[in-house]
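*Asks:* please work out how this folds:
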Amino acid sequence: MSQPPTGSQQATDHDAHHEHSGHHGHHNEHSRHDGHDHEGHGHEGEHHAGHEAHGGHAGHGGHSGHGHGDHGDHVGQFRRLFWIMLVLGVPVVGLSPMFADLLGYQLPDAAWVWWVSPILGTIVYIWGGQPFLTGAVSEIRDRNPGMMLLIGLAITVAFIASWGATLHILDHELNFWWEMTLLVVIMLLGHWIEMRSLAQTTSALDSLAALLPDEAEKIDGGDVVKVAPADLVLGDVVIVRPGSSVPADGRIVDGSASMDESMVTGESKTVRREAGEQVVAGTVATDSGLRVEVTATGDDTALAGIQKLVADAQASSSRAQRLADTVASWLFWFALGAALITALVWVLLGMPDAAVARSVTVLVIACPHALGLAIPLVVSIATERAAHGGVLVKDRLALESMRTVDSVLFDKTGTLTKGEPTVTGVHPVGGHTEEEVLALAAAAESDSEHPLARAIVGAARTRELNVPKATDFSASPAVGVRATVDGKVVEVGGPYLLEKHGRQELSVADQWRDEGAIILHVIADGEIIAALRLADEIRPESRDAVDA
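*Replies:* Presented below is the predicted three-dimensional model:
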């Protein structure tokens, strides 16, 4: 667990807030705030200074031959296939003589009934079974029989035998239309669920990539040109404007800013970075502009490293999955051998017709429905639920070993907590109400985009307060913000603001400081009218988990 900041750190935390300068409004406004680098809130010294259809499915839960690229496309593909095959499967199963005998109901006495299952079953085999047939071909080419070949073999044998029975070439007992259809539908359901889970993990990569800006402003001689971050090379100097993301890992050569590094650390408080210090691609300069010399690009950046960890997690498989793949490989040869032995035995017994029927039956029922569905399904559900809870599984082996865990250590910031500051307390004095002082503070902070300023404005919005318009906004480094609101000069800042006015902090500050909170004071016309408590709140779901 991270330690709470010291009192002085918290105080400075708001001082740096008011180094937000250019961040007030937008990039081009930076110049008009020049010299007022909103360092006032000082979070720790800065602003409130602080994935062929599915037919190549190499890693499908371990099923050989199925890669998981374009998971988003696969989710839609398998969802559509499942529902279409389910609709087609209802009449195939319902009008099957064998199924009707099992449930004891009579089929309509019409010639067309006999042809419904063959016609629709053929569509199910060709269309719905296409991913598995393609996967089976891939496994044959790779000489690595597995789950897809087993499924492909089962539905192909069932399809051929069923047509033989339908055309009265083979025994009527070999009418497997409904079994084949159910097998395809069940397997499509399993693959849909798995793809959905994997697509959600893939979206984590998309979210990481979105942290980089679309364009970078590179200094080229005396000009500033816009280029794609991918076009940057080592040694380039780029401009990072207030509120913008750093396009590549680099070293600050000019300027200083409070950096939001939560994408790396999860810490809601900004970190002050000065000239000569390193900054990471994807982090945000919250208050001031910077010039950064590029020291790492492409796969060498920290963000690329994080993306690789997520990609490796997607490619990983658990021991159970690997065992399922091994079993599937052996089961293919076992099923084939059992069918041949069955045929040989019945031929030797002088019953060749029964030999064909029994052998085909063995091949159909040998397909491990549960093995092909259960393990990928369980893993998919587990990873999906973890992702919903904000947990990225780095390696599925780690997920499997979770059953042995009896203790968990949490880094609270951004894990158990929301990862962003929130106004958690307002202590008004002098007859003022909480709503009044919060509205005044929000008005003064409204031109700022710093995390603490956003927290104050957000708190007023949550309470649906009427925030008046502020004028004459200014910010002083290490002091705070100042604006005129309803004829009053309202200031918000940390300890240096109090020192400037010769005032002592309110007594409640000691208690809040002991709780690790960030403390800001609101001053109107030179008099303290309130203290604000800002902290990173625990997530409701985290509170429930901890209580459990």
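
*Asks:* so where's the stretch 251-400 of the chain uncertain?
*Replies:* Flagging of the stretch 251-400 of the chain using pLDDT under 70 yields the residue ranges 266-268, 310-325, 328, 353, 364, 367-381, 383-396.

*Asks:* which residues of it fall in helices?
*Replies:* Counting by DSSP state H, counting those that start in this stretch, the stretch 251-400 of the chain has helices at residues 262-265, 302-315, 319-348, 352-365, 369-388, 396-400.

*Asks:* and E217, what does it touch?
*Replies:* 224-226, 238-239, 241 (CB atoms under 8 Å, 6 or more residues apart in numbering). Just so you know, the C-beta spots here come from the backbone N, C-alpha and C atoms, and that holds for glycine as well.

*Asks:* top of these by number of neighbours, please.
*Replies:* Most neighbours among the contacts of E217, by other CB atoms under 10 Å: V238, with 24 neighbours.

*Asks:* residues contacting it?
*Replies:* By CB under 8 Å, 6+ apart, the contact set of V238 is 216-219, 232, 247-248, 250, 291-292, 294.

*Asks:* please narrow those residues to those residing in helices.
*Replies:* The members of those all map outside helices under DSSP state H.

*Asks:* separation between the closest residue in space to G250 that isn't next to it in sequence and V227?
*Replies:* Excluding its sequence neighbours, the residue lying closest to G250 (CB to CB, 6 or more residues apart in numbering) is V292, at 4.0 Å. V292 is 14 Å from V227, where distance means CB to CB, to the nearest Å.

*Asks:* for the residue nearest to G250, give its distance to V233.
*Replies:* 14 Å.

*Asks:* same question for E436.
*Replies:* Using CB to CB, E436 is found at 55 Å from V233.

*Asks:* more neighbours, the two?
*Replies:* Neighbours were counted for E436 and for V233 using other CB under 10 Å; E436 has more, 16 against 11.

*Asks:* if I pick that one, what's in contact with it?
*Replies:* E436 touches P428, counting by CB under 8 Å, 6+ apart.

*Asks:* list the buried residues for the helix or strand it falls within?
*Replies:* Assessed by DSSP states H and E, E436 sits inside helix 434-445. Neighbour-count burial for helix 434-445, counted by 16 or more other CB atoms under 10 Å, picks out 434, 436-445.

*Asks:* stretch 465-478 now?
*Replies:* With the criterion 16+ other CB under 10 Å, stretch 465-478 contains buried residues 465, 467-468, 470, 473-478.

*Asks:* show me which of these has the smallest pLDDT value.
*Replies:* Checking pLDDT across the buried residues of stretch 465-478, the minimum falls on P477 at 59.

*Asks:* how close does the nearest residue to T270 once chain neighbours are set aside sit to V279?
*Replies:* Closest residue to T270 apart from its sequence neighbours, by CB to CB, 6+ apart: S258 at 3.9 Å. S258 sits 12 Å away from V279, going by CB to CB.

*Asks:* what does L182 give?
*Replies:* Counting by CB to CB, the gap from L182 to V279 is 57 Å.

*Asks:* what residue of the chain is the furthest out?
*Replies:* Most distant residue from the mean C-alpha position of the chain: G350, 62.3 Å away (CA atoms, centre = their mean).

*Asks:* can you list contacts of stretch 341-352?
*Replies:* The contact list for stretch 341-352 (CB under 8 Å, 6+ apart) reads 354-356, 358-359, 362.

*Asks:* any chance of TSV for those, columns distance to R272?
*Replies:* TSV is the format used below for the contacts of stretch 341-352 (distance: CB to CB, whole Å):
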residue	distance to R272
A354	84
A355	82
V356	80
R358	78
S359	76
V362	72
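
*Asks:* strands along the stretch 101-250 of the chain, start to end?
*Replies:* Applying DSSP state E, counting those that start in this stretch to the stretch 101-250 of the chain gives strands spanning 216-220, 223-227, 237-240, 249-254.

*Asks:* can you check what angle separates the second one from strand 216-220?
*Replies:* Computed with axes from the mean of the first three to the mean of the last three CA atoms, to 10 degrees, the direction of strand 223-227 lies at 140 degrees from that of strand 216-220.

*Asks:* quick one on the thing from earlier: V292 and V227: who's more crowded?
*Replies:* A direct count of neighbours by other CB under 10 Å for V292 and V227 places V292 higher, at 26 against 16.

*Asks:* go through stretch 445-460 and flag the buried ones.
*Replies:* Neighbour counts over stretch 445-460 (16+ other CB under 10 Å) mark 445-457, 459-460 as buried.

*Asks:* quick one on the thing from earlier: okay, and the beta partners of the residue nearest to G250?
*Replies:* V238, I252 (DSSP bridges).

*Asks:* return the residues in contact with A136.
*Replies:* Going by CB under 8 Å, 6+ apart, A136 touches 148-149, 151-153.

*Asks:* just these: which are in helices?
*Replies:* Among the contacts of A136, the ones falling in helices (DSSP H) are 148-149, 151-153.

*Asks:* can you pick the most crowded of those?
*Replies:* M148 (31 neighbours).

*Asks:* T422: which element?
*Replies:* For T422, the host element (DSSP H and E) is strand 417-428.

*Asks:* each with direction, which strands does that strand pair with?
*Replies:* For strand 417-428, pairing defined by DSSP bridges yields strand 527-538 (antiparallel).

*Asks:* tell me how far the nearest residue to V362 once chain neighbours are set aside lies from S162.
*Replies:* Distances taken as CB to CB, 6+ apart put A339 closest to V362, at 4.6 Å, once the chain neighbours are dropped. Distance check for A339 against S162: by CB to CB, it reads 17 Å.
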